[in-house]
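Colleague: Structure for this input, please:
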Amino acid sequence: MEQLVTETSLSKSTIQRLFKGYLKEPPRLSVYPSERVNLLIDGTYFSKDLCLILYRDNTIKFTQLYRFSDGERYEELKEDLENLLLLGVQIESITCDGHRALLRAIRKVCPQVTLQRCVIHVQRMCRIWLSSNPKSIPGQELRRIISTLHLVQSKQELSYWLLELANWDGRQHEFVHEKTVNPITGKYWYKHKLLRRSFSVLKSALPNLFTYLDNPRIPKSTNGLESFFGHLKTNLTIHRGLSTGNRKSFLRWYLYFKNARRKGFS
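Modeller: Here you go, the predicted structure:
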């Protein structure tokens, strides 16, 4: 504040009044209707009750839509996708982390759109379930296979990778699904539930995990958004102490200026 007073020759109270005015009336984003939009969709949390969900055009690095919420909810995600289509955004693909509510909204609103599951997110989740140092040989083998997931760059490499995964499943299927049965109640549980869970996550994602190989325009991960969120949070931290309302206004201004910087937009 002292620096601004020196540079502008305005009083501190005047500068504070200007800031309050800006935060009170943040700008609105304008959707940029375009064809073959490859969307990145993801949400990030600033507190337990403040979630920012972005719909970002990966090709031109332009935020088409955003929403403030307290979570990633089906009805809201469905409404956002419907609004994007109504506003003339022609979606070619959607890359996301596989949140159930979002997958359900996509299937409902635009089932014809190509879906790409975030490769890095799937890889990260599988590693979490397996841990950094699996105790079993099957766990170690699966972790090694998963560690090469992001390296698949061609259909031939995909064939080799899928063959390795299928061979692992053939060898370890009984081990993965081994059960312990309670002799009294008859109830059972899986002995290697984290290993089974990791493989289940990977298996369920497979149908939408490699669509980027058919279209180079499709991003295979949401890393671009995660980097964007990281930079945004760094800037917001500088202004810590803002109320929830002012924090939202700051985020609206940030998104507006980021869009305005893209060549050809204002």
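Colleague: Now do the contacts for the residue most central in space within the chain.
Modeller: What sits nearest the mean C-alpha location of the chain, by CA atoms, centre = their mean, is D42, with 3.4 Å. Shown in contact with D42 (CB atoms under 8 Å, 6 or more residues apart in numbering): 53-54, 96-97, 222, 225-226, 229. Every C-beta, even on glycine, is put in place using the N, C-alpha and C of the backbone.
Colleague: Can you tell me which of those residues is nearest N208?
Modeller: C96 (9.4 Å; CB to CB).
Colleague: residues near the closest one, how many?
Modeller: 24 (other CB atoms under 10 Å).
Colleague: pretty sure it is touching I41, no?
Modeller: Yes: the pair C96 / I41 is scored as a contact, 4.7 Å apart, by CB atoms under 8 Å.
Colleague: joint contacts of these two?
Modeller: 102, 222.
Colleague: I'd like to know which of the contacts of D42 is nearest to D70.
Modeller: Nearest member of the contacts of D42 to D70, counting by CB to CB, is I53, at 10.9 Å.
Colleague: looking at this, the closest one is in a helix?
Modeller: No: checked against DSSP: H, G, I helix; E, B strand; the rest coil, I53 lies outside a helix; its state is strand.
Colleague: From E72, how far off is it?
Modeller: Per CB to CB, to the nearest Å, I53 is found 6 Å from E72.
Colleague: Please, where are all the strands along the stretch 101-250 of the chain?
Modeller: 114-117, 179-181, 188-190 (DSSP state E, counting those that start in this stretch).
Colleague: Show me what the last one is packed against.
Modeller: Strand 188-190 makes packing contacts with strand 179-181 when contacts are defined by 3 or more CB pairs under 8 Å, 6 or more residues apart in numbering; DSSP states H and E.
Colleague: Which strands and helices lie in contact with the strand it packs on?
Modeller: strand 188-190.
Colleague: Can you tell me what sits against the strand it packs on?
Modeller: Residues contacting strand 188-190 (CB under 8 Å, 6+ apart): 177-182, 196.
Colleague: Tell me how far stretch 38-50 lies from the chain's centre.
Modeller: 7 Å (CA atoms, centre = their mean, to the nearest Å).
Colleague: mind starting the numbering at 355 from now?
Modeller: Okay, using 355 as the starting number, the last item reads as stretch 392-404.
Colleague: mind saving the C-alpha coords of it as CSV?
Modeller: Below are the C-alpha coordinates for stretch 392-404, written out as CSV (Å, rounded to 0.1, in the frame of the first residue of the first chain):
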residue,chain,number,x,y,z
ASN,A,392,-10.8,-29.5,-26.2
LEU,A,393,-11.9,-28.8,-22.7
LEU,A,394,-10.0,-29.3,-19.5
ILE,A,395,-12.4,-29.5,-16.6
ASP,A,396,-11.3,-29.6,-13.0
GLY,A,397,-12.0,-28.1,-9.6
THR,A,398,-9.8,-26.8,-6.8
TYR,A,399,-10.5,-25.9,-3.2
PHE,A,400,-9.6,-22.7,-1.4
SER,A,401,-11.4,-23.7,1.8
LYS,A,402,-13.9,-26.4,2.8
ASP,A,403,-16.8,-24.4,1.4
LEU,A,404,-15.2,-22.7,-1.6
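Colleague: For that stretch, give the mean pLDDT please.
Modeller: In this model, stretch 392-404 carries a mean pLDDT of 91.
Colleague: Which of the contacts of D396 sits closest to L383?
Modeller: The closest of the contacts of D396, once distances to L383 are taken by CB to CB, is L408, at 10.5 Å.
Colleague: quick one: the closest one and I395 touch, right?
Modeller: Yes: with contacts counted by CB under 8 Å, L408 reaches I395, the gap being 7.1 Å.
Colleague: What residues does the closest residue to E495 other than its chain neighbours make contact with?
Modeller: Spatially, and ignoring its direct neighbours in sequence, E495 is nearest to W522 (5.7 Å; CB to CB, 6 or more residues apart in numbering). With CB under 8 Å, 6+ apart as the criterion, the residues that contact W522 are 492, 495-496, 499.
Colleague: Return the set of buried residues in the top helix by length along the chain.
Modeller: For the chain, the longest helix by residue count, based on DSSP state H, is helix 509-530. Neighbour-count burial for helix 509-530, counted by 16 or more other CB atoms under 10 Å, picks out 515, 519, 522, 526, 530.
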